[in-house]
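Asker: okay, here's the prediction I keep looking at, along with the sequence it came from:
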Amino acid sequence: MKKISILIPCYNEQENVVLLGNEIVKIFENDLKNYDYEIIFIDNCSIDNTRKLLKEICKNNKKIKSIFNIRNFGQFNSPYYGLCQTTGDCTISMCADFQDPPELIITFVNEWEKGYKIVSGIKTKSKENKIIRFLRSCYYKLIEKMSDIEMIEHFTGFGLYDKTFIDILRKLNDPIPFFRGIVAELGFKRKDINYEQQKRKSGKTKNNWYTLYDAAMLSFTSYTKIGLRLASIFGIIIAFLTLIIALIYFILKLLYWNSFPVGIAPLIIGVFFFGSIQLFFIGFIGEYVMSINSRLMNRPLVIEEERINFENQGI
C-alpha cells in the first residue's frame, strides 16, 4: 500500500489545526481508502494553544505527528525541514489556514498516479488583498525576467512531491533554502493545477511587508545576478554622464567666465543623488554578502524541541 505524507507548517494556528487535521483524515477515509497516510505538523514555536491542541490530536490518532521547534526559524527553513522528515511515497505540502483547499489532495494524488513527480498548485485567482496580489504579480514577472531559471508564477509551495524529489532536498544541505526556486531549478516535469486561493478560515496572516521583502531578497540573491550587474552598469553610466556634464560646465565657464555662475545647487543635488545611488547598491550588495555568510556558517535548518508519534520511525 502506498503511503502519502501531508506536511503542514504552522505558527499560531490554534483555530485551524484541529479542523484541518480532521478534514484531511476524512479525505483519506472516504476518497483515498487505498492509501496509507501520515500527517506531520511542524510548529514554528507558536505562542498560543497550537501545541496543546496538536498534542491532543496526536494522542487520538497515531498517524498524526508533530515536530516542535525550539524557536521560530522563519518561513523558509521550517517547511523545508519538515519535508525532509516525511516518509511517504509522496509528500503534499500545504498551509494550515485553509487557503490551500484540502480537496485538491485528491487531484494531486490522481495526477501523481499518472506519472508526474511534482504536481504544483498555481493560484490563478485569490481572495487576498488586491494590492498585495498586484505587487506579488509584479514581483513574479520581474524575478522571472531577471533569473536564469524559469520561475513558477503564483506558486507558494502548495503541491505534491514524489519521494525521489524529497531525496534531492535532503542532499542539498542548503541552510537558507528558497523552496520555490529549488522546485523550478531542480524539480522534475511538473503538472500545474490551477486553483482559487481562499481567505484564511480564521486567525491572522503571519506575512507582513518585512516577510515579503525577506522572500523577495532571498530569491534575488539565490537566483539572479541582477543586483551586482546593475551596480556595475549604473556606475559606468553615471560616471560617463558626470564626465559629460563636467566638460559642459567647464566649457561654458571658459566661454562665459563672468556671466556664467556655476552655483552651489548642482553640487548639492549631485552629492545627494550619487550618495543615494551608492547607499542603494551598497545595501543590495550587502544582501548578497549576507546570503553568502549564512551559507558559510551552515547552521542547522531547525533545532527540534520535541517530536510526537515518531517512535517507530527512523529519520
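Answerer: Alright, I've got the coordinates. Residues are numbered from 1 along each chain as shown.

Asker: which residues in the stretch 1-150 of the chain form helices?
Answerer: 17-30, 50-60, 74-84, 104-113, 130-146 (DSSP state H, counting those that start in this stretch).

Asker: what is the mean pLDDT for the longest helix anywhere in the chain?
Answerer: Ranked by residue count, the top helix of the chain under DSSP state H comes out as helix 265-297. In this model, helix 265-297 has an average pLDDT of 73.

Asker: again, but for stretch 179-199
Answerer: Average pLDDT, stretch 179-199: 83.

Asker: ok now it, how far from the chain's centre?
Answerer: With Cα atoms, centre = their mean, to the nearest Å as the basis, stretch 179-199 stands 12 Å off its chain's centre.

Asker: in it, what counts as buried?
Answerer: 179-184, 187, 190-193, 195, 197 (16 or more other Cβ atoms under 10 Å). C-beta here means a position set from N, CA and C on the backbone, and glycine is covered the same way.

Asker: now secondary structure too, for those residues, in CSV please.
Answerer: Converted to CSV, the buried residues of stretch 179-199 look like this (DSSP: H, G, I helix; E, B strand; the rest coil):
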residue, secondary structure
179, helix
180, helix
181, helix
182, helix
183, helix
184, helix
187, coil
190, strand
191, strand
192, strand
193, strand
195, strand
197, strand
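
Asker: was I right to think residue 170 contacts residue 85?
Answerer: No. Here residue 170 does not reach residue 85: they are 9.5 Å apart, not a contact under Cβ atoms under 8 Å.

Asker: compute the first-to-last residue distance for stretch 171-182.
Answerer: In stretch 171-182, first residue to last residue: 12 Å (Cα to Cα, to the nearest Å).

Asker: for the stretch 1-150 of the chain, give me the ranges with low pLDDT.
Answerer: Applying pLDDT under 70 to the stretch 1-150 of the chain picks out residues 126-133, 135-136, 139-149.

Asker: packed most tightly, which of the helices of the stretch 1-150 of the chain would that be?
Answerer: Of all the helices of the stretch 1-150 of the chain, helix 74-84 carries the top mean neighbour count, a mean of 22, counting by mean count of other Cβ atoms under 10 Å.

Asker: residue 156: neighbouring residues, count only.
Answerer: For residue 156, the neighbour count with other Cβ atoms under 10 Å is 19.

Asker: tell me the spacing between it and residue 183.
Answerer: Counting by Cβ to Cβ, to the nearest Å, the separation of residue 156 from residue 183 is 11 Å.

Asker: cool, and residue 36?
Answerer: Using Cβ to Cβ, residue 36 is found at 25 Å from residue 183.

Asker: one more: residue 154?
Answerer: Distance, residue 154 to residue 183, by Cβ to Cβ: 13 Å.

Asker: go on, residue 175?
Answerer: Using Cβ to Cβ, residue 175 is found at 18 Å from residue 183.

Asker: okay, residue 170 and residue 85: which has more neighbours?
Answerer: Taking other Cβ under 10 Å, residue 170 and residue 85 do not tie; residue 85 has more neighbours (22 against 11).

Asker: pretty sure the more buried one contacts residue 40?
Answerer: Yes. Counting by Cβ under 8 Å, residue 85 does reach residue 40; the two are 6.5 Å apart.

Asker: which residues are common contacts for the two?
Answerer: residue 67 (Cβ atoms under 8 Å, 6 or more residues apart in numbering).

Asker: that older thread, which of the buried residues of stretch 179-199 sits closest to residue 266?
Answerer: Distance to residue 266, by Cβ to Cβ, is smallest for residue 181 among the buried residues of stretch 179-199, at 43.9 Å.
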